[in-house]
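1. Here is my input; please provide its structure:
(chains A and B)
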Amino acid sequence: MTEYEAVIGLEVHAELKTNSKIFCFCTTEFGGKPNTHVCPICLGLPGTLPVLNEKVVDLAIKAGLALNCEIAEFSKFDRKNYYYPDLPKNFQISQYDLPIAREGYLNIDVDGRQKRIGITRLHMEEDAGKLVHSGDSITGADYSLVDYNRTGVPLIEIVSEPDMSSPEEARAYLDQLKAILEYTDVSDCKMQEGSLRCDANVSVRPKGSQKLGTKTEVKNMNSFRALQRALEYEIERQIEVLEEGGQVVQETRSWNEARGITETMRSKEDAHDYRYLPEPDLVPLVIDVEWVERIRQTIPELPLERKKRFVEEYGLPEYDAGVVTSSKKLADFFEACVEKFGNPKEVSNWIMGELMRLLNANNMELNDSPVTPGGLIRILELVKEGTISGKIAKQVFEEMFNTGETPDAIIKKKNLIQISDSGELEGIIASVMENNPKSVEDYRSGKKQALKFLVGQVMKETKGKANPQLVNDILLKKLSE
Amino acid sequence: MENIVNLTITEIHKLLTDKELSAVELTKAFLDYIDRIDPTIRAFITVTENTALAQAEEIDRAIAQGKKIGLLSGVPMALKDNLCTAGVKTTCCSKMLENWVSPYSATVVEKLQEAGAIMLGKLNMDEFAMGSSTENSKFFTTKNPWDTSRVPGGSSGGPTAAVAAGEAIYTLGSDTGGSIRQPASFCGVVGLKPTYGRVSRYGLIAFASSLDQIGPITKNVRDCAIVLKAISGFDPYDSTSVDIEVPDYEKALTGEVNGLRIGIPKEYFEIGISKEITEKVLKAVELLEDLGAVCEEMSLPHTEYALPAYYVIAPAEASSNLARFDGVSYGYRDENAEDVISMYKNSRGEGLGPEVKRRIMLGTYALSSGYYDAYYLKAQKVRTLIKQDFDKAFEKFDAFITPTTPSIAFKAGDKVEDPLAMYKSDLFTVPSNMAGIPAISVPCGFAEGMPVGLQIIAKPFAEETLLRIAYAYENCRGTEVLLPDLEVN
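-> You can find the predicted model right below:
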């Protein structure tokens, strides 16, 4: 049986983090009542003209540099002509033959080995509006409603080389790209709000073959998981077609999340002729060396560099460093804690454990939570000085996460201070021993695990507040009496 | 009241500041005159009587308060109906926009409003500025005031006829391939197409964005200089407008042309031009020579390719610019369409006229995959050659003089069935749009009783040179305003 390999290239659209739209002064804020973030320009009313938002160019240059691209000294905008009711001018202002950046790359880590994925090009364009159909599609609907709030929100499209050979690599590429765009503050990359969108070009070929197979384009993957699942499905499907002696048809396919399959969307024959033409209402974009250098100065340490540094500087395991640097906010949080408190591994445990657990459980971003580095540091200090136990610390952390109160306030309010008074503990321990004579007997007769039970009983009695080390010591002393 | 028909901007300014006439009286006189004469001329699509009178009252208040008013304050004007006016219909003389009211005003409209202009209304044109006679207007054809059986030219036929008939002191038109100059020539008025980028296009409903410019239409050169100054300048809302200081154009009106080097491009006298027009133009050249200008025959070798290249580039841009008229959120919509595709097809099919559709098809074809290189790209190369022709010639010459059109105003209906013959009336005006350079048409006498236009072309942003030459010629020819006798008493 032939062994196949996949060839995957990704086209990623990312919304740029600007305050105003690409060609007018309307806000880019997500949400808002339909058709309230609009003006004659983004509505494409007769007579209006686009004026390029310079901040968009800044961010596109920044993304280009972070992706190791060449920034074009001379680029221009073009019109991509097609009819759709979410596109008020029936053309999209984009960049065609002279994009702002090209020929870059990014590195991904898959199974501990690094691979370089080429970036073909990066260009700027305007987003379209949003349609809501009264039926299941535009042709089957009684009516459709259109919201132009998103119309004219700035996007960059990043086209990769077909350098990925598995869904895992594609996922790693998208992870890394997202991290880079977040680190550089170019985009929010919120897939659920549509600020990061991804299409894939996929083909398969017999392993070792140099010839590319016929590709399909897969669209409508709305999460990282969807990307991976869709690619797995599509690769499997293409292999099956070939195995059965068939041929893969060049077409655009849509990922159906509910059914877990890709479906034909439009064939090659139905492909649009976009009739690109240079946008006559905008002057060509000339970017000089000073502009590029000014932007280069603003690029922070990027995720892979930071991961490497965390391993070297803080002695974090590769895995921990990867998780903690997966977003800039987490990495900043980590470093802020370590700077004050030291103990990098303990800090990363807290971040990867409690913090990420609570963020995921509440479907929140770090920014949305009231937890600050100061809060975590305080908890760590309280544990270290013996004021609270490690177990109580987790309780305090969760309370802090939910209410935003300071650890000290929580401890005081809930009376969680650790009992480290030997006198007080001795009394409690004595009564526990009295109430559990069998366990005491067991221990003394050599069943050492009975100690654990007794410690547990003391903790229960003290609602977890007893200093576990002290309980242990006192119990051992008393049991050997 | 004296005859308002012949008044110019400076004369009105004097009447108003001397308090011999109030702005309201003047405006009423114009509205009355329009009432009487426009059923014959048919220049106006919309007359904005109430807002005009309100604006006039405001000017009168300012004058009464002793405030200093600008030259254009209280001067009645009107606008081609492709310039957006907040609260007043802007139709482009198309069924598509028959009832469309813009929520905003074009930059030029705002500038004139700030200058105290009184807007009398909106003027007829060929649908979406595509045409040379106003016969492509969805609503009606405007008549040439000199002979109502003839067309006023186009596409700014309404604006030029209105000025020639004395219905407005000045008007604004737009010029993509000659749409100001050709009808100015046909109607015997002054029309100027500024350098591309001199005047903001924001609020001008685009035909071909890389060629369109807004310009003044007036009775004489001085008025032209005054209006041009008022509408020129950089606009942050138009990236293609250029940030170059706007000179006081009136200062160029010295009557002096001594030493100016003027080229007479022979290509403009070779192609199917009427003998009488050649004579009139050459007579004007002689007059300028007498004033000390150095005139010399020369060549602009790529002239003949300008028109075919124009008819690729302009429709290509138009096909994209006009794609927005789809019935989705404004304009004409076929309410009975069954689905979105038939809504597009029917709304555009029924809402747009035959010439507009012809050009959309031409442009769509020229941009289609497989044809782009042969048509659009090639036309762009021709455009570069035309620019180079001019650049090279400008090393030796300050300006060029040509006829504005190869013929006088033709009879209504004569060319309706023959689009190519209609296109050819743009032969001499198209090259300056392709090169983005300024050009003016000035009346230079009559042939068969109809006005003849003299075209002067100058370097980019050398509108002063145009006006200097045009004024010197006008001064020499006789500065009295020549208007048709319309017997309106």
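2. Share the number of residues neighbouring B:Thr10, please.
-> 15 (other CB atoms under 10 Å in any protein chain shown). Using the backbone N, CA and C atoms, a C-beta is placed for each residue, glycine as well.
3. what's the distance between it and chain A?
-> 31 Å (CB to the nearest CB, to the nearest Å).
4. Mind listing what's buried along the one helix or strand that residue maps to?
-> In this assignment (DSSP states H and E), B:Thr10 forms part of helix B:9-17. For helix B:9-17, a neighbour-count test (16 or more other CB atoms under 10 Å in any protein chain shown) marks B:9, B:11-13, B:15-16 as buried.
5. Check which helices and strands it is in contact with.
-> helix B:23-41, helix B:49-64, helix B:221-231 (3 or more CB pairs under 8 Å, 6 or more residues apart in numbering or on different chains; DSSP states H and E).
6. pLDDT (mean, whole number) over the longest one?
-> With pLDDT averaged residue by residue, helix B:23-41 scores 96.
7. swap in stretch B:474-488?
-> Stretch B:474-488 comes out at a mean pLDDT of 73.
8. how about B:Asp235, what does it touch?
-> Residues in contact with B:Asp235 (CB atoms under 8 Å, 6 or more residues apart in numbering or on different chains) are B:107, B:200, B:202, B:241.
9. The last one - that's part of a strand, no?
-> Yep, that's B:Ser241 we're talking about. No. B:Ser241 is assigned coil when assessed by DSSP: H, G, I helix; E, B strand; the rest coil, not a strand.
10. Quick check: phi and psi on it?
-> The phi/psi pair for B:Ser241 (degrees, to the nearest 10) reads phi -80, psi 150.
11. give me the number of residues near residue 260?
-> Unless you meant another one, I'm taking chain A. The burial count for A:Gly260: 12, using other CB under 10 Å.
12. look at chain B instead
-> Neighbours of B:Leu260 using other CB under 10 Å come to 20.
13. residues touching it, list them.
-> B:292-294, B:398-399, B:465, B:468-469.
14. The same query, at a cut-off of 6 Å, please.
-> B:293, B:398 (CB atoms under 6 Å, 6 or more residues apart in numbering or on different chains).
15. Report pLDDT for it.
-> 97.
16. And for B:Met1?
-> 51.
17. which residues of the chain score low on pLDDT?
-> With no chain named, the answer covers chain A. A:1, A:416 (pLDDT under 70).
18. Not quite, go with chain B.
-> Looking at chain B by pLDDT under 70, you get B:1-2, B:479-482, B:487-489.
19. Give me the most central residue, it.
-> B:Ile180 (2.3 Å; CA atoms, centre = their mean).
20. and that one, what are its phi and psi?
-> On the backbone of B:Ile180 - angles per degrees, to the nearest 10 - the values are phi -100, psi -50.
21. Verify the stated contact: it with B:Gly157.
-> No. The pair B:Ile180 / B:Gly157 is not scored as a contact, 10.5 Å apart, by CB atoms under 6 Å.
22. For stretch A:84-100, output the C-alpha coordinates as CSV.
-> Written as CSV, here are the backbone C-alpha positions of stretch A:84-100 (Å, rounded to 0.1, in the frame of the first residue of the first chain):
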residue,chain,number,x,y,z
TYR,A,84,-21.9,40.0,-2.5
PRO,A,85,-24.3,41.9,-0.3
ASP,A,86,-21.9,42.1,2.6
LEU,A,87,-19.6,44.1,0.4
PRO,A,88,-21.1,47.6,-0.1
LYS,A,89,-19.0,48.7,-3.1
ASN,A,90,-19.0,45.2,-4.6
PHE,A,91,-15.3,45.3,-4.6
GLN,A,92,-12.8,44.8,-1.8
ILE,A,93,-9.8,47.1,-1.5
SER,A,94,-6.9,44.7,-1.2
GLN,A,95,-3.3,44.3,-2.4
TYR,A,96,-2.7,42.1,-5.4
ASP,A,97,0.6,42.0,-7.2
LEU,A,98,2.6,44.3,-5.0
PRO,A,99,1.9,43.4,-1.3
ILE,A,100,3.5,45.2,1.6
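23. So what's the gap between stretch A:390-402 and the chain middle?
-> With CA atoms, centre = their mean, to the nearest Å as the basis, stretch A:390-402 stands 25 Å off its chain's centre.
24. so which of the contacts of B:Asp235 is the most crowded?
-> Top of the contacts of B:Asp235 by neighbour count (other CB under 10 Å): B:Tyr202, with 28 neighbours.
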